[in-house]
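okay, structure incoming, though there's no sequence with it:
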């Protein structure tokens with residue numbers, strides 16, 4: 001289920017990160033890169049979830 005939420009973020013982020021438009025200025029390109037990176041990061045957070053916290057708790061209890 002997580003992947004169904006994360007895949008659109010990853011695809012949109014990679015599209016925005018790699019998109020270049022000739023008529024946009026430097027600020028527009030910087031904003032596109034930041035938005036793309038943000039979408040990729042959000043997709044990464046969705047996929048990772050809280051799996052790491054559970055593993056740390058399991059190790060601490062043993």
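The structure has been received and is ready for your questions. What you are looking at is a predicted structure, and each value in this text was computed from that prediction instead of being measured.

quick check: mean pLDDT across the top helix by length along the chain?
As assigned by DSSP state H, the longest helix anywhere in the chain is helix 26-48. Per-region confidence: helix 26-48 scores 89 on mean pLDDT.

counting by contacts, list what that helix packs against.
helix 2-18 (3 or more CB pairs under 8 Å, 6 or more residues apart in numbering; DSSP states H and E). Using the backbone N, CA and C atoms, a C-beta is placed for each residue, glycine as well.

check contacts around residue 20.
Contacts for residue 20 (CB atoms under 8 Å, 6 or more residues apart in numbering) come out as residue 29.

could you look up the SS state of it?
coil (DSSP: H, G, I helix; E, B strand; the rest coil).

ramachandran angles for it?
Here is the backbone geometry of residue 20 (degrees, to the nearest 10): phi -130, psi 130.

and what of residue 25?
phi -80, psi -180.

dump the residue contacts of it.
Taking CB under 8 Å, 6+ apart as the contact definition, residue 25 lies against nothing.

if I look at it, how far off is residue 7?
According to CB to CB, to the nearest Å, residue 25 and residue 7 sit 31 Å apart.

thinking again about what came up before, so which bits of the longest helix of the chain are buried?
32, 36, 39, 40, 42, 43, 46 (16 or more other CB atoms under 10 Å).

what sits up against that helix?
2-3, 5-10, 12-21, 24.

how does it look with 10 Å?
1-21, 24-25 (CB atoms under 10 Å, 6 or more residues apart in numbering).
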